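Q: sequence below, structure please.
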Amino acid sequence: MNRSKLSDFGLLLLRMFLCAILVYYGSQKMLGLFGGEGWNATLASFQEHFNFPQWLTMLAIISEFAGSIAVLFGLLTRLAAFGIACTMATAAYSTFAPTHDYRSAHLPLALCGMALALIFTGAGQFSLDGLLAKGKPKPKV
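A: Numbers count the residues shown, from 1 in each chain. Reported below is the predicted structural model:
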């Protein structure tokens, strides 16, 4: 396998693991699965505990759930990864700031880093973004 294909395979693995983690937490907030509170209770909880406006909480839930699915398939990857990175940076700060305990922020920081990597690299060829880009002419450098 050539270097380009290995890089694309690495990006696919990165997207799969990012999605596996985030779809779990996102489905707790959006759908109430896996012991989660669901949409309405999450909105109320974030308002009460973090004083987040409802519209920001809605964006966070959507980016965590729908953004992770978009990243898995490699559809609008950079946009979805940007939403995830913002959400995870906020989550890391919100858990770290009150306690100054790094252990509470390590998972959101790792997920933020994974999302940032996808913003800079894109989804790779094993993605819907890559499939759609094949039909476009490449710019001459």
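Q: so what's R15 up against?
A: Applying C-beta atoms under 8 Å, 6 or more residues apart in numbering to R15 gives the contacts 71-72, 74, 77, 118, 123, 127. Quick note: C-beta positions are derived from backbone N, CA and C, even for glycine.
Q: center of this protein - which residue?
A: For the chain, I84 is the residue whose C-alpha lies nearest the centre (C-alpha atoms, centre = their mean; 3.3 Å).
Q: from the contacts of R15, which two are the most distant?
A: The span of those, defined through C-beta to C-beta, is set by L72 and L118 at 11.2 Å.
Q: what is the burial count for L22?
A: For L22, the count of nearby residues is 24 (other C-beta atoms under 10 Å).
Q: what residues of the helix or strand encompassing it count as buried?
A: Applying DSSP states H and E as the criterion places L22 in helix 3-31. If you call a residue buried by 16 or more other C-beta atoms under 10 Å, then helix 3-31 has these buried ones: 8, 11-12, 14-15, 18-19, 22-23, 25-30.
Q: before we move on, what about stretch 53-68?
A: 57-65, 67-68.
Q: how about the residue lying closest to Q28 once chain neighbours are set aside, secondary structure?
A: Nearest non-adjacent residue to Q28, counting by C-beta to C-beta, 6 or more residues apart in numbering: G36, 2.5 Å away. G36 falls in the coil class when you classify it by DSSP: H, G, I helix; E, B strand; the rest coil.
Q: all set, thanks.
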